[in-house]
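# Task: produce atomic coordinates for the following.
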Amino acid sequence: QVQLVESGGGLVQAGGSLRLSCAASGRASGPYNMGWFRQAPGKEREFVAAIKWTGGSTPYADSVKGRFTISRDNAKNTVYLQMNSLNPEDTAVYYCAAASSWAWPPKSYDYWGQGTQVTVSS
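Numbering: from 1, shown residues only. Presented below is the predicted three-dimensional model:
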C-alpha cells in the first residue's frame with residue numbers, strides 16, 4: 001500500500017503561481033510513475049501531467065503545457081507541480097496518483113491522494 005498526501009493548494013489571483021507537493025509513504029517497492037490530475041465541479045477527472053520514476057519523460061495536457069511543470073525528488077519521495085500563469089479555468093481539486101505502469105488515463109493509476117483545492121480568482 002502507498003499513501004499519498006498532497007499539499008500546497010489554496011486561493012490565488014489570476015496570473016499567480018502555486019506549487020503543489022505530493023509526499024509518498026508506505027510500501028517501498030516500486031518504482032512508481034507519478035501523475036497529477038484535477039477535477040472541477042461537474043466535470044470528469046482529467047489528466048494534467050505525469051513523470052516517469054526516472055524523471056525522464058514528462059507529458060502534459062495541452063491546457064497546461066508551458067505553464068505547469070512536474071518534477072520529483074525520489075530521495076524525498078515527493079513529486080511537485082509548479083503552476084504558473086494560473087487562470088480561473090484551472091480551479092479544481094488536484095490529485096496526485098501513483099502507477100506501476102506508464103499510462104495517463106486515471107484508471108491506470110493504482111494509488112491516489114485525497115486531493116488539494118486550487119481556486120483561482122479573476
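# From here on, just use CA atoms for contacts and neighbour counts.
Will do.
# Which strand residues bridge the residue nearest to residue 45 when sequence neighbours are not counted?
Spatially, and ignoring its direct neighbours in sequence, residue 45 is nearest to residue 39 (4.4 Å; Cα to Cα, 6 or more residues apart in numbering). For residue 39, the beta-bridge assignment (DSSP bridges) gives partners residue 93.
# OK, contacts around residue 39?
Applying Cα atoms under 8 Å, 6 or more residues apart in numbering to residue 39 gives the contacts 45, 46, 92, 93, 94.
# tell me the contacts of the fourth one?
Put plainly, it is residue 93. Residues 38, 39, 40, 115, 116, 117, 118 are the ones in contact with residue 93 under the rule Cα under 8 Å, 6+ apart.
# Throw those into JSON lines and include pLDDT and distance to residue 58, thanks.
Formatted as JSON lines, the entries for the contacts of residue 93 read as follows, by pLDDT from 0 to 100; distance: Cα to Cα, whole Å:
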{"residue": "38", "pLDDT": "98", "distance to residue 58": "17"}
{"residue": "39", "pLDDT": "98", "distance to residue 58": "20"}
{"residue": "40", "pLDDT": "97", "distance to residue 58": "23"}
{"residue": "115", "pLDDT": "97", "distance to residue 58": "21"}
{"residue": "116", "pLDDT": "98", "distance to residue 58": "21"}
{"residue": "117", "pLDDT": "98", "distance to residue 58": "23"}
{"residue": "118", "pLDDT": "98", "distance to residue 58": "22"}
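# Out of these, which is nearest to residue 2?
Relative to residue 2, the closest of the contacts of residue 93 is residue 115; by Cα to Cα it sits at 14.9 Å.
# Spatially nearest residue to the closest one, not counting backbone neighbours?
Nearest-residue entry for residue 115: residue 95, 4.4 Å, with adjacent residues in sequence omitted and distances by Cα to Cα, 6+ apart.
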